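Q: Just need the structure, nothing else, for what follows:
(4 chains)
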There are 4 protein chains.
Amino acid sequence: MSIKLEAAQAMIEKARAHAVAIGVPMNIAVVDGGGHLVAFARMDGSILGSIEIALAKAKTSVLFNGPSENLWEFCKPGGPAPATEYTNGGLIPYAGGLPVHDDNGTLIGAIGISGGMPVQDGEVARIALGKEAR
Amino acid sequence: MSIKLEAAQAMIEKARAHAVAIGVPMNIAVVDGGGHLVAFARMDGSILGSIEIALAKAKTSVLFNGPSENLWEFCKPGGPAPATEYTNGGLIPYAGGLPVHDDNGTLIGAIGISGGMPVQDGEVARIALGKEAR
Amino acid sequence: MSIKLEAAQAMIEKARAHAVAIGVPMNIAVVDGGGHLVAFARMDGSILGSIEIALAKAKTSVLFNGPSENLWEFCKPGGPAPATEYTNGGLIPYAGGLPVHDDNGTLIGAIGISGGMPVQDGEVARIALGKEAR
Amino acid sequence: MSIKLEAAQAMIEKARAHAVAIGVPMNIAVVDGGGHLVAFARMDGSILGSIEIALAKAKTSVLFNGPSENLWEFCKPGGPAPATEYTNGGLIPYAGGLPVHDDNGTLIGAIGISGGMPVQDGEVARIALGKEAR
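A: The predicted structure is shown next:
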């Protein structure tokens, strides 16, 4: 099973509303459990370079089944897996990507947010998934 | 000026409603006047291979400022511009892509539809832009 | 749900046995429902160029949820969707790729066979999935 | 001469058995002396992002005729050959890839393992080739 369009659009609306609240236009991408695009929205005024970053954060989260920033521990200077961020067509090792699981814990997709500072992107992603702010 | 997210999402909703009416799940992409993604929706049950085709139809329409099928007259066997469909990272020379213009006739974006037969995709694209059915 | 490694390896073994029987070394690829590689085997003596073709046939079948040769009706000269075979990183519009469904009819993967004539590749694919020969 | 399918499948089975023993699902790739895929297995539950990494580790080992982690001495900060890891379509400079030689010391292939921590991947690769654990 994979994430449905209606659920993906609801996540996007939650992300958009919070991005409006903090005054930062965002790019918002939702992919399924195989990394294929389900839904996307670019808010007016968001920067063009963030489109691909939002998509890549969602991809990173689904490919490694975790928050995109977790990749940093592996690929950072001195980390055990340098250059991993350049695999799979390009991954993003900072906040804004989160995996989505069903009630059984099965990976069914991921969300990727880009447009603000990474800490803002990560916060918007958390809120889109109904998680509490940090 | 470029197409706004709200307008793009309204087009997607019109496309989705018509796709539901004809019983064919579609992939729906909207790009801006520079060909950059604005909004996207994959309807549940649509085939995975159509994601990239919907994106490519929208790209084709904005890059050549016309319906995607117009490209066929140029690239078809015996046409004056063979292999044009392989430029720009891959174009689609059949129906489903339509450009979007503002009231002054300025190109502000395009829509790309894929999931059904090309004639169906083209019909859904026309309806999404508020044009009458053929 | 997606195809399991044990099931994929069993398919490969069936394909390999039939390829031995007809004396044609084959490349055999199995992907999951998202098009990601699950298992692969290249039989000794098979041609190198068939590796990518086997992979592309499996991808074609999962992306369009049908036998790879079905794509030909769309992209053949005079067909309604020319150039579709060049999308999605390259598809294969002849026999050798078949989708795999679970008991509920859900797409859970695909097999791709290459190394012989397309009619042989298609026969090996059918046998690998436990379908009767044509 | 190049590695045979039967030998490649035996390596994969050894790797799989050890991966089960340590409780880490792995992606396992075997390539021939020209870097072309011979056999592959993705264990159930292994992360999707590791498929390409396993393939790239095997490629790295055969292209440089050594353990994949040897590349790090060349490409690491301050090393003599920075950016080498971005050549050849992407290489992996950490453990999990090992070359395979015949009795005369001729390079006949390589194995690439990914799914665990690099030290685990390297251990599984060693065991797959019948080398003793470190």
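
Q: CA atoms for contacts and neighbours, from now on please.
A: Noted.

Q: can you give me the helices for chain A?
A: Assigned helices in chain A, in chain order: A:5-22, A:50-64, A:72-75, A:118-128 (criterion: DSSP state H).

Q: got those as CSV, with distance to D:Asp102, mean pLDDT and mean neighbour count columns?
A: Compiled in CSV, those are given as follows (distance: least, C-alpha to C-alpha, whole Å; pLDDT from 0 to 100; neighbours: other C-alpha atoms under 10 Å in any protein chain shown):
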stretch, distance to D:Asp102, mean pLDDT, mean neighbour count
helix A:5-22, 53, 98, 18
helix A:50-64, 35, 98, 27
helix A:72-75, 34, 96, 17
helix A:118-128, 50, 98, 22
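
Q: For chain C, which of the ones you listed is the nearest?
A: Proximity to chain C (C-alpha to the nearest C-alpha) singles out helix A:50-64 among those, at 10.6 Å.

Q: The closest one close to chain B?
A: Yes. Between helix A:50-64 and chain B, judged by C-alpha under 8 Å from any C-alpha of the partner chain, the touching residues are A:Ile51.

Q: returning to that earlier point: among the helices of chain A, which is nearest C:Gly116?
A: Among the helices of chain A, helix A:50-64 comes nearest to C:Gly116, with 34.0 Å by C-alpha to C-alpha.

Q: Could I get the CA-only coordinates of the closest one as CSV?
A: This file holds the C-alpha atoms of helix A:50-64, laid out as CSV (Å, rounded to 0.1, in the frame of the first residue of the first chain):
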residue,chain,number,x,y,z
SER,A,50,14.1,24.7,-4.0
ILE,A,51,11.9,22.6,-6.3
GLU,A,52,14.5,20.0,-6.9
ILE,A,53,15.6,20.1,-3.3
ALA,A,54,12.1,19.4,-2.0
LEU,A,55,11.9,16.5,-4.4
ALA,A,56,15.3,15.2,-3.4
LYS,A,57,14.5,15.4,0.3
ALA,A,58,11.4,13.3,-0.1
LYS,A,59,13.4,10.8,-2.1
THR,A,60,16.2,10.7,0.5
SER,A,61,13.6,10.0,3.3
VAL,A,62,12.0,7.2,1.4
LEU,A,63,15.2,5.6,0.2
PHE,A,64,16.7,5.5,3.6
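
Q: the inter-axis angle of it versus helix A:118-128?
A: With axes from the mean of the first three to the mean of the last three C-alpha atoms, to 10 degrees as the criterion, the two stretches helix A:50-64 and helix A:118-128 enclose an angle of 60 degrees.

Q: Does helix A:50-64 reach chain C?
A: No. Helix A:50-64 does not reach chain C (C-alpha under 8 Å from any C-alpha); its nearest approach is 10.6 Å.

Q: contacts for that helix?
A: Contacting residues not belonging to helix A:50-64 are listed as A:26-35, A:42, A:67-68, A:90-93, A:96-99, A:107, A:109-115, B:37, D:47-50 [C-alpha atoms under 8 Å, 6 or more residues apart in numbering or on different chains].

Q: filter those to the buried ones?
A: Applying 16 or more other C-alpha atoms under 10 Å in any protein chain shown to the contacts of helix A:50-64, the neighbour count classes A:26-35, A:42, A:67-68, A:90-93, A:96-99, A:107, A:109-115, B:37, D:47-50 as buried.

Q: and the helices of chain A as JSON lines, adding distance to C:Ile22?
A: Written out in JSON lines, the entries for the helices of chain A read as follows (distance: least, C-alpha to C-alpha, whole Å):
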{"stretch": "helix A:5-22", "distance to C:Ile22": "46"}
{"stretch": "helix A:50-64", "distance to C:Ile22": "39"}
{"stretch": "helix A:72-75", "distance to C:Ile22": "48"}
{"stretch": "helix A:118-128", "distance to C:Ile22": "55"}
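
Q: For D:Ser2, which of those is the nearest?
A: Closest of the helices of chain A to D:Ser2 is helix A:50-64, at 32.1 Å (criterion: C-alpha to C-alpha).

Q: Report the distance from that closest one to the chain centre.
A: For helix A:50-64, the distance from its own C-alpha centre to the chain's C-alpha centre is 6 Å (C-alpha atoms, centre = their mean, to the nearest Å).

Q: Nearest to C:Glu13 among the helices of chain A would be which one?
A: Taking C-alpha to C-alpha as the measure, the helices of chain A were each checked against C:Glu13, and helix A:50-64 came out nearest at 28.4 Å.

Q: Run a quick check on A:Glu132 versus A:Arg126, I expect a contact.
A: Yes. Contact between A:Glu132 and A:Arg126 holds when scored by C-alpha atoms under 8 Å: they sit 6.8 Å apart.

Q: What are the contacting residues of stretch A:36-43?
A: Contact with stretch A:36-43 is made by A:4-5, A:8-9, A:12, A:16, A:25-32, A:51, B:4-5, B:37-43, B:48, B:51, C:34, as judged by C-alpha under 8 Å, 6+ apart.

Q: 6 Å instead?
A: Among residues not part of stretch A:36-43, those counted as contacts by C-alpha atoms under 6 Å, 6 or more residues apart in numbering or on different chains are A:25-31, B:5, B:38-42.

Q: Need the single longest strand in chain A, by residues.
A: Within chain A, and with DSSP state E defining each element, the longest strand by residue count is strand A:107-114.

Q: Can you check the pLDDT for the residue nearest the centre of chain A?
A: The geometric centre of chain A, computed from its C-alpha atoms, lies nearest to A:Gly112 (C-alpha atoms, centre = their mean), at 1.9 Å. According to the model's per-residue confidence, A:Gly112 sits at a pLDDT of 98.

Q: Any chance of the backbone angles for the residue in chain A that chain C sits nearest to?
A: Per C-alpha to the nearest C-alpha, the residue of chain A with the smallest distance to chain C is A:Gly34, at 4.6 Å. Comment: the main-chain dihedrals of A:Gly34 come out as phi -100, psi 0, following degrees, to the nearest 10.

Q: you'd agree it is up against C:Gly33?
A: No. Using C-alpha atoms under 6 Å, A:Gly34 and C:Gly33 do not qualify as a contacting pair, with a distance of 7.6 Å.

Q: Tell me the residue in chain A that is farthest from the middle.
A: The outermost residue of chain A, judged against the average C-alpha position, is A:Gly78 (25.3 Å), by C-alpha atoms, centre = their mean.

Q: Need the contacts of stretch A:36-43 in CSV (columns: distance to B:Tyr86).
A: Output for the contacts of stretch A:36-43, formatted as CSV (distance: C-alpha to C-alpha, whole Å):
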residue, distance to B:Tyr86
A:Pro25, 34
A:Met26, 32
A:Asn27, 29
A:Ile28, 29
A:Ala29, 27
A:Val30, 28
A:Val31, 27
B:Leu5, 29
B:Val38, 24
B:Ala39, 24
B:Phe40, 23
B:Ala41, 25
B:Arg42, 25
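
Q: which one of those sits closest to chain D?
A: Using C-alpha to the nearest C-alpha, the shortest approach to chain D within those belongs to A:Val31, at 13.8 Å.
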